[in-house]
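>>> Any chance you could fold what I've pasted below:
(2 chains)
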Protein chains: 2
Amino acid sequence: MTEDEIVKAIAALCDPVRSRRAVEGLSKDDIDSKGRVIIGIGDDAALWQPSRSHRSVISTDMLVEGVHFRRDTMSLEDAGWRAMAAALSDLAAMGARPVLATVALGVPAANAQGEIMELYQGIAAAARCFDIAIAGGDLSRCDLVTISITVVGEVRPSRVKRRAGAGPGDVLAVTGALGAARAGLELASQRGLVEGADGDAALQAFRRPTPRIAEGRFLGASVNVTAMMDCSDGLSTDARRLCAASDCGAVLEAIPVADSARDAGQRLGEDPEGFALAGGEDFELLVTVRARAFRYLAGRYEKRFKKKLLRVGALRKARGVEWQGAPLDLLGWDHFA
Amino acid sequence: MTEDEIVKAIAALCDPVRSRRAVEGLSKDDIDSKGRVIIGIGDDAALWQPSRSHRSVISTDMLVEGVHFRRDTMSLEDAGWRAMAAALSDLAAMGARPVLATVALGVPAANAQGEIMELYQGIAAAARCFDIAIAGGDLSRCDLVTISITVVGEVRPSRVKRRAGAGPGDVLAVTGALGAARAGLELASQRGLVEGADGDAALQAFRRPTPRIAEGRFLGASVNVTAMMDCSDGLSTDARRLCAASDCGAVLEAIPVADSARDAGQRLGEDPEGFALAGGEDFELLVTVRARAFRYLAGRYEKRFKKKLLRVGALRKARGVEWQGAPLDLLGWDHFA
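A predicted model of the protein is given here:
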């Protein structure tokens, strides 16, 4: 079973009816017995309705030492930042504004106090940077450092973006060039190579990634954005997920590779496009835009953010994601495959 | 540093101003820059205001294999139930109604799929039982099973109960007798002793504890309940915490020990009062009630729940918790002491 298949089995176990609805898209039937609409398991974040005029969004991310980060490539302070950034990125993907977070930490007993405070330095720094309150949490002993962060955001009902919603002909785009985070990981794993400005940029992307909160809210506000998710598992995996949720396929036309990833690829003798396609954790947003509106929206985006909304391809009816005339293999990250 | 001291240091790091307010009690100044009231770090759950007429409550609990449960005393299904019950208990302590939960699981790669589904059997059973939707989560490899559950509830603004709020003269009471969960743990650790009806009750309390959701909502609705929290770390620790938050002390008059705990204590040759004072994880609620109203409220409680609201003592001005003429030692559970 792949991770996606396990998630489907969990959704069926937790609530067969609701999970089917979550997959098939939001409808009037999604109003649950308590009168609240819920997008459940399967999107970047879950959505509920605390009152008629409001929508709240919630998402949880878990980082485990040895799986998501290693102490020899990243400080605990950076790991704390990274965990918060990963959680915030899911709010960005829904077009939501951050409200508050809870933090569950597991740390070894040996130097618990020091390591907790080091983790929280990074967590609190990211929280201040993206204006989210840390409202509570839990602490436990654990042989490996484990960080589990839940974030809550809010979004106007009309601005919620999901993975489902895209249609054939829509433009597929990303909020920034990809591959830098993976390049930074590779550089950090080979300390000898860590020098020069490009290395610094890749390392920064790896250790202190930026969730695209402002970009997500901007794109969420556009009626011409039909679907949105964060690109946290590599473009190949995430494009496939967005297409599957929207019941269509895509042809990729260009892979926008970050300069720092390109430079690192050269120095490491690795394909920088691979960093972008399979690397993941860049936390850029993957969006689909109605074709006739793309140019106008991209212009407004560039004016606002001083960078381009990068076209990577177009959606089509036929399922699957194609790149250079061939179906794209699944190159992304799967925890249990 | 004790766990409580670490939590204070975290609160100061995350937000010095807000954390001071959270400790000092809710006031008009608690309305944050976004116009929402927030109870932050330091109570059973955090509180925010998604819209003027609504309050949402959030709490996170983490369970780690080898720390909170051992596989030789509890199945993964029970561990899943227990994690959900612990999280729900924090909603109960705020007088809130469960709305939705997110679940982050770390499991070893070896039998990931089977263990994830086993954990979710228990999690989903508890969710159905207490009417909370599972809205999302995260999965990761982790050498030890790690369960982190975040729950969101809602409560009418006038019904929120905190740890702070009690005053001298108030009656201290619990929603049920204590010590059964700890007795069950002791029995489970010595399998030879697991037989007889009382053993079953203690084991049930240990493996499938009941969060007091209905009781919490009932007590939250009374203006005569001045403070409330869940009794998850043992009466001695939790009474001290409630008193400290309310800036007063207490004299304990009676320790209500569960029959099953008393029986197990006899068989194990251990003091059952110790189970109640230091055992924890019974998930009964600890409340303070205005003295003149206690009898009336206890009568209504008994009528509604077919069990007694048990008086354990009274609050007084002098700090500290006294039992049988002496200050009560800290016998509760502290992860890092």
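>>> Show the contacting residues for the closest residue to residue A:285 other than its chain neighbours.
Using CB to CB, 6 or more residues apart in numbering or on different chains and skipping the chain neighbours, the partner closest in space to residue A:285 is residue A:175 (4.5 Å). For glycine as for every other residue, the C-beta is placed from the backbone atoms N, C-alpha and C. Neighbouring residues of residue A:175 by CB atoms under 8 Å, 6 or more residues apart in numbering or on different chains: A:212, A:215, A:219, A:284-285, A:287, A:309-310.
>>> cutoff 10 Å now
A:92, A:212, A:214-216, A:218-219, A:228, A:230-231, A:282-287, A:301, A:305, A:307-310 (CB atoms under 10 Å, 6 or more residues apart in numbering or on different chains).
>>> Over to residue A:127?
A:80-81, A:84, A:88, A:98, A:100-101, A:103, A:120, A:133-134, A:149, A:151, B:14-15.
>>> let's see it at 7 Å
Applying CB atoms under 7 Å, 6 or more residues apart in numbering or on different chains to residue A:127 gives the contacts A:84, A:101, A:134, B:14.
>>> pLDDT (mean, whole number) over the helix or strand harbouring it?
Using DSSP states H and E, residue A:127 sits within helix A:112-129. For helix A:112-129, mean pLDDT rounds to 94.
>>> What is the subsequent helix or strand relative to that helix?
Per DSSP H and E, helix A:112-129 leads on to strand A:133-141 as the next helix or strand towards the C-terminus.
>>> The helix or strand harbouring residue A:237 close to chain B?
Using DSSP H and E, residue A:237 falls within helix A:235-245. No. Helix A:235-245 does not reach chain B (CB under 7 Å from any CB of the partner chain); its nearest approach is 14.4 Å.
>>> Wait, residue A:153 touches residue A:92, no?
No. Judged on CB atoms under 7 Å, residue A:153 makes no contact with residue A:92 at a distance of 8.8 Å.
>>> More neighbours: those two, which one.
Higher neighbour count among residue A:153 and residue A:92: residue A:92, with 32 against 28, using other CB atoms under 10 Å in any protein chain shown.
>>> That one is in contact with residue A:285, isn't it?
Yes. Proximity of residue A:92 to residue A:285 meets the contact threshold set by CB under 7 Å, at 6.2 Å.
>>> Return every residue with contacts to both of those two.
A:212, A:215-216, A:230.
>>> Columns distance to residue B:252 and secondary structure on top of those, output as TSV?
Compiled in TSV, those are given as follows (distance: CB to CB, whole Å; DSSP: H, G, I helix; E, B strand; the rest coil):
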residue	distance to residue B:252	secondary structure
A:212	54	coil
A:215	56	helix
A:216	53	helix
A:230	52	strand
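>>> got any ranges where the stretch 201-337 of chain A has weak pLDDT?
A:329-337 (pLDDT under 70).
>>> The residue in chain A sticking out farthest from the centre: which element?
What lies farthest from the middle of chain A is residue A:110; by CA atoms, centre = their mean that is 33.1 Å. In the assignment (DSSP H and E), residue A:110 maps to no helix and no strand.
>>> Distance of it relative to residue A:141?
10 Å (CB to CB, to the nearest Å).
>>> domain ranges for chain A?
A:1-42, A:59-158, A:161-327 (automatic domain parsing).
>>> if we can go back for a sec, quick one, which of the contacts of residue A:127 has the minimum pLDDT?
Across the contacts of residue A:127, the member with the lowest pLDDT is residue B:14, scoring 80.
>>> picking up where we left off before, which residues sit in contact with the residue farthest from the centre of chain A?
Contacts of residue A:110 by CB under 7 Å, 6+ apart: none found.
>>> change it to 10 Å
Going by CB under 10 Å, 6+ apart, residue A:110 touches A:141, A:143.
>>> And it, how close does it get to residue A:143?
According to CB to CB, residue A:110 and residue A:143 sit 10 Å apart.
>>> Check residue A:45 too.
Taking CB to CB, one finds residue A:45 at 30 Å from residue A:143.
>>> which stretches of chain A form helices?
Counting by DSSP state H, one finds helices in chain A at the ranges A:3-14, A:16-24, A:76-93, A:112-129, A:180-189, A:197-207, A:213-220, A:235-245, A:259-268, A:272-274, A:291-305.
>>> Among those, which comes closest to residue A:166?
Smallest distance to residue A:166 across the helices of chain A (CB to CB): 6.5 Å, for helix A:235-245.
>>> and that closest one with helix A:3-14, angle?
Put simply, helix A:235-245 runs at 40 degrees to helix A:3-14, going by axes from the mean of the first three to the mean of the last three CA atoms, to 10 degrees.
>>> Setting aside sequence neighbours, what's the nearest residue to residue A:122?
Excluding the flanking residues, the one nearest residue A:122 by CB to CB, 6+ apart is residue A:80, at 3.0 Å.
>>> Hmm, residue A:121 and the one you found touching each other?
Yes. Residue A:80 lies in contact with residue A:121 (CB atoms under 10 Å); the separation is 6.6 Å.
>>> Which one of those two is surrounded by more residues?
residue A:80 (30 against 17).
>>> So what's the residue count around residue A:275?
Residue A:275: 32 neighbours (other CB under 10 Å).
>>> for residue A:327, that is, sorry about that
For residue A:327, using other CB under 10 Å, the count is 12.
>>> Residue A:45 and residue A:143: which is more packed in?
Applying other CB under 10 Å to residue A:45 and residue A:143 shows that residue A:45 carries more neighbours, namely 29 against 18.
>>> Correct me if wrong: the more buried one contacts residue A:154.
No. Taking contacts as CB under 10 Å, residue A:45 lies outside contact range of residue A:154: 11.3 Å.
>>> so what sits against both of those two?
Common neighbours of residue A:45 and residue A:154, using CB under 10 Å, 6+ apart, are A:56-57, A:91, A:94, A:96.
>>> and which of those residues is nearest to chain B?
Chain B lies nearest to residue A:56 out of the shared contacts of residue A:45 and residue A:154, by CB to the nearest CB, at 5.6 Å.
>>> Per-residue confidence, the closest one, what does it come out as?
pLDDT at residue A:56 comes out at 88.
>>> For it, give its distance to residue B:313.
With CB to CB as the criterion, residue A:56 and residue B:313 are 39 Å apart.
>>> Look at these two and report which has more neighbours.
residue A:56 (27 against 22).
>>> In the stretch 101-250 of chain A, which residue sits closest to chain B?
residue A:135 (3.3 Å).
>>> Distance-wise, check that residue relative to residue B:57.
Note on residue A:135: its distance to residue B:57, by CB to CB, is 10 Å.
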